[in-house]
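Novice: From the sequence below, what's the structure:
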Amino acid sequence: MSPTMPDIANHTTAQTEGTLDWVGMSNIEMPIMLASKDEADQMISAYVDAYVNLNEPQAKGIHMSRLYLALDELSTSNTLNFQTLSALLDTFVTTHQELSDSARVVIRFDYHLRRKSLISGKQGWKAYPVTITGQLNNGKMDVELAVDIRYSSTCPCSAALARQLIQRAFTEKFANQEQVSQNEIHEWLGTTEGIVATPHSQRSIGQMKVKLADHVTQFPIKDLIDVTEESLKTPVQAAVKREDEQEFARLNGQNLMFCEDAARHLQHTLNEQVDFSDYWLKINHLESLHAHDAVSITTKGVPGGYRP
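Specialist: Numbers count the residues shown, from 1 in each chain. Prediction:
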C-alpha cells in the first residue's frame, strides 16, 4: 500500500497571515496557436505569466499546478482568442474557489508579419514584440494589448545644422563667381564636397499599451501596428533594394522628429481609435549622438486609467 503523499498547501496554515494581490508563475514557455483579427492563425512561441489573488489569509498557498495544467490545455488543444482567454481566466478562479476571485495572465511573444518594401514591392518578415494581458475581476474580463514598433528618427536640430554647413560650403565654393550655371550646381550637389554634412538619425522604439474597448472581441494586433507605422512614417524595413533605401532617406528627411514630435503623432492617432479605450505610450530615441536616450511618455488621461 502506497503511503499518502503530504499536501502542505491544503493541510497546513500560513506561518504569517495575510492576503496577497497575485500569486502564480512567470516565464512559462509554451507554443500557442493565436487567432488575431483579419489574419491567419499563427503559432507563437510564448512566455506566459499566470496568477490568481489569494484572499484567504490563513491559506498556505495556491495550487500552482492547476494554473499550469489549464495553460497546457490551451496550448495543446485550443487556439487563443477572446473566448478561450476568458475561459482560461475563469478556470484559474474556479480551481481556486475558496482562495481566489481574480485572475491574470500575461502572454509575451513575437508576432510575424509580411511587410512590403517602399518602392520595389519586395517583401520580407518583420517580428513585432507583442504582449496580451487578460485580467478577470468580479466576473469582468479586461484585455490589454501591447506592442513595440521600431522606426527611424532624424533629429531636426542636426538637420538644420547640416543645412547650414551645406550653405556655407556653397558660399565658399562659388564666392568668386558672378554667375553659376544650373548644371554646375547640380553636379556640385552630387559630390561629398557639396553635401558636407548629414543629420544624425537613429533606430527608435515606440512602446504602446492599449486597453481594448468593451465591444472588441478579437485581438487587433495588425490594426495597432499599421496605424502606428503609418503615423510615424519611417518604420524599419525588411527587404530593401536601392530604390527603397533612397525612398527611406527621403522619408526621414521629410519627417524630422524629436521624441516629443513622435509622441504627439501617436497621441493624435490613438485618440482617434474607437477600439482602444485607453493607452500608454513611451517613445525611445536611441541616440546616435549622445550616450543616453531621448524619451517621451504620455497617456490618454482617462480617470482611473493608465498613469505616466
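Novice: Identify the single longest helix in the chain, thanks.
Specialist: If you go by DSSP state H, the chain has its longest helix at helix 156-174.
Novice: okay, the spatially most distant residue from the centre of the chain: pLDDT?
Specialist: Within the chain, the residue lying farthest from the chain centre (CA atoms, centre = their mean) is residue 178, at 56.1 Å. pLDDT, residue 178: 87.
Novice: The stretch 1-150 of the chain: helices as residue ranges?
Specialist: With DSSP state H, counting those that start in this stretch, the ranges of helices along the stretch 1-150 of the chain come out as 8-11, 64-77, 82-94.
Novice: Determine which stretch of these is the most buried.
Specialist: Comparing these by mean neighbour count (mean count of other CB atoms under 10 Å), helix 82-94 comes out on top with a mean of 18. Just so you know, the C-beta spots here come from the backbone N, C-alpha and C atoms, and that holds for glycine as well.
Novice: For that helix, name the packing helices and strands.
Specialist: Secondary-structure packing of helix 82-94 (3 or more CB pairs under 8 Å, 6 or more residues apart in numbering; DSSP states H and E): strand 42-54, helix 64-77, strand 102-116, strand 123-137, strand 140-154.
Novice: switch to 7 Å and redo it
Specialist: The contact analysis (3 or more CB pairs under 7 Å, 6 or more residues apart in numbering; DSSP states H and E) places helix 82-94 against strand 42-54, helix 64-77, strand 102-116, strand 123-137.
Novice: Reformat those as TSV; add mean pLDDT and distance to residue 275.
Specialist: Formatted as TSV, those follow (pLDDT from 0 to 100; distance: least, CB to CB, whole Å):
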stretch	mean pLDDT	distance to residue 275
strand 42-54	98	20
helix 64-77	98	24
strand 102-116	98	17
strand 123-137	98	14
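Novice: any weak-confidence spans in this structure?
Specialist: Applying pLDDT under 70 to the chain picks out residues 1-2, 8-12, 14.
Novice: what about the strands in the stretch 201-308 of the chain?
Specialist: 201-212, 276-285, 294-299 (DSSP state E, counting those that start in this stretch).
Novice: most tightly surrounded among those?
Specialist: By mean count of other CB under 10 Å, the strands of the stretch 201-308 of the chain have strand 276-285 as the most buried, with a mean of 22.
Novice: hmm, who's touching that strand?
Specialist: Residues outside strand 276-285 that contact it (CB atoms under 7 Å, 6 or more residues apart in numbering): 153, 202, 204-213, 259, 262-263, 266, 270, 293-300, 302, 305-306.
Novice: quick one: residue 23 and residue 55 touch, right?
Specialist: No. Counting by CB atoms under 7 Å, residue 23 stays clear of residue 55, with 10.7 Å between them.
Novice: Looking at the two, which is more packed in?
Specialist: Counted by other CB atoms under 10 Å, residue 23 and residue 55 do not tie: residue 23 has more neighbours, with 18 against 14.
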